[in-house]
Every structure is written in structure tokens, then in C-alpha cells.
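Student: sequence below, structure please.
(one chain, ligands or ions: 2)
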Amino acid sequence: MSFKLIVFQGPSASGKSTLQALLDIPKVVTWTSRAPREGEVNGVDYHFVTKEIMCEMFEEGNMLEMTKYQGNYYGTSILSINEIMIGQQMKSVVMDANGVKILKERFHDKILVIGVTADKEQCRLRLLSRDTDDKEVTRRLASYEEEMSTLSQCDIVIYNTEENREKAKRMINYIKRGLVEDNELL
Ligand SMILES: Nc1nc2c(ncn2[C@@H]2O[C@H](COP(=O)(O)OP(=O)(O)O)[C@@H](O)[C@H]2O)c(=O)[nH]1
Ligand SMILES: Nc1ncnc2c1ncn2[C@@H]1O[C@H](COP(=O)(O)OP(=O)(O)O)[C@@H](O)[C@H]1O
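Tutor: Numbering: from 1, shown residues only. Ligands and ions are numbered 1, 2, ... in the order given. Sure, this is the predicted structure:
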């Protein structure tokens, strides 16, 4: 049985989205109450909605899981995951440790969890080049230790530092090759 969903977990700016893009398989678009960043597109990067809508979706039972991360809600709709689990098209998603825990409990054998890490200082510098706001950088790094301490729930961990950039890329290519062999729809 091939994997249905490839999940990326790790601290902010460790490179989850970068490696997800390299893997290049369709993405699950999750929901968030945070504001879009420059260049982010609604319905492509996230479904950007208000906190109220997120809470409504949760209360109405439409969310498989929902987490609060640095003051904003993030969540995955049940519909998006059920579609994958009954369908043939493998997808990828980026999630925090809380979301991964729930997915693993529900779909242990059907998901491959890739942990992505980098040194805190490198993450800080990457965040600084993205967010000019120092406070925002500090907020995002506040969960660094928690994300690192839960990496044992990942099936594979990629150390995605500047020095390892090429190696990380090759690891993703190896994973992709294996997945293609496993799944004729990729
Ligand atoms: N549990 C859960 N976490 C999510 C979901 N979507 C995104 N995240 C996580 O929310 C956190 C913040 O994401 P984002 O605001 O895009 O910031 P970034 O990680 O700093 O690029 C990251 O750890 C994501 O993995 C989701 O649907 N569920
Ligand atoms: N191996 C690497 N070396 C240096 N910079 C990287 C590496 N991987 C990703 N980056 C850069 O780090 C920043 C954060 O990456 P991103 O994939 O958005 O992280 P995340 O999704 O984990 O928050 C981006 O500017 C990206 O280009």
C-alpha cells in the first residue's frame, strides 16, 4: 500500500515549504486566520479566513484538527483529508506537531512524516530576511524547541541547513523517486 499523504513538520523557517515545493506533488490547502504574506495567494498557499470562520468550521465539525500557533488558528478540513484517503492521488501538507500527532493517530500507515530542521540561528536569520518585524521573528521562534522535541514522531528527518542544502535536495529527490515507483498517479 502506498502512502496517501506526505506531511512536513518542523520549526518556522526550517524549510518545510521549500522542500514541499521540491517534492512537487499536489498540496492540501489548509485553513488559517493569519493574514496573507506578500506573494501568498488565497486558495493556493492557504484558505485565508477570519478567526470567527475558523471557530465556526471547528464547532460545526468540519475540521479534522485545528491548532493555535502564535496567536492564529490553523486547521485541516475533514473533507480534504477524506478525499485523499479514499482517492488515488497522493498529496503533501505542512503541519505543526499537534496536527501531525492527530494525523498519525488516525492514518498511521497511510502517511509519511518528514521532519525538517535547521539550527535556531539559521532559522532566525531566515525569518529576519522575511519579516522585518523583530517581535514577529521572536514569536515564530518561540515554538522552536517544542517543534524540535517532537521530531521523534517523524518517519524521516532532514537537516536542512545552508551547508546541507544540496544534500537535502537529493534526499527529497530520492524520496520522490520511491514515491513515484509506489504510486502510478505521480
Ligand atoms: N496543525 C496544523 N498546523 C498547520 C496547518 N497549516 C499550517 N500549519 C502550521 O502552522 C505553522 C505556521 O505556519 P505559517 O504561518 O505558514 O508560518 P511559517 O511556518 O513560519 O512559514 C507551521 O508550523 C505550519 O506547519 C494545519 O492545517 N494544521
Ligand atoms: N537549506 C537552506 N539553506 C538556506 N536557506 C534555505 C534553505 N532551505 C530553505 N531556505 C530559505 O529559508 C526561508 C524559509 O524557508 P521556508 O521553506 O519558507 O520555511 P518554512 O516553510 O519551514 O517556514 C526561505 O527564504 C527559503 O528560501
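Student: and residue 107, how far is that from residue 99?
Tutor: Using Cβ to Cβ, to the nearest Å, residue 107 is found at 12 Å from residue 99. For the C-beta atoms, the positions are set from N, CA and C on the backbone; glycine is no exception.
Student: which residue of these two possesses the greater neighbour count?
Tutor: residue 99 (22 against 17; other Cβ atoms under 10 Å).
Student: helix/strand/coil for the more buried one?
Tutor: helix (DSSP: H, G, I helix; E, B strand; the rest coil).
Student: so the residue nearest to it when sequence neighbours are not counted is in which element?
Tutor: Spatial nearest neighbour of residue 99, chain neighbours left out: residue 65 (4.9 Å); criterion: Cβ to Cβ, 6 or more residues apart in numbering. Per DSSP states H and E: residue 65 is located in strand 63-69.
Student: buried residues, that strand. List them.
Tutor: Across strand 63-69, burial judged by 16 or more other Cβ atoms under 10 Å covers 63-67, 69.
Student: how about those in CSV, adding pLDDT?
Tutor: Formatted as CSV, the buried residues of strand 63-69 follow (pLDDT from 0 to 100):
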residue, pLDDT
63, 98
64, 97
65, 97
66, 97
67, 95
69, 90
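Student: show me which of those neighbour ligand 1.
Tutor: 65, 67, 69 (Cβ under 6 Å from any ligand atom).
Student: tell me the pLDDT of the residue nearest to the second one when sequence neighbours are not counted.
Tutor: Spelled out, it's residue 67. Counting by Cβ to Cβ, 6+ apart, the nearest residue to residue 67 once its immediate chain neighbours are dropped is residue 98, at 4.4 Å. Per-residue pLDDT puts residue 98 at 95.
Student: in space, what's closest to residue 80 - neighbours in sequence excluded?
Tutor: For residue 80, the spatially nearest residue (Cβ to Cβ, 6+ apart) is residue 28, at 5.1 Å.
Student: hmm, residue 89 and that neighbour touching each other?
Tutor: No - contact criterion Cβ atoms under 8 Å: residue 28 and residue 89 do not qualify, at 10.6 Å.
Student: so these two - more neighbours on which side?
Tutor: When residue 28 and residue 89 are compared for neighbours, residue 28 comes out ahead with 18 against 12, by other Cβ under 10 Å.
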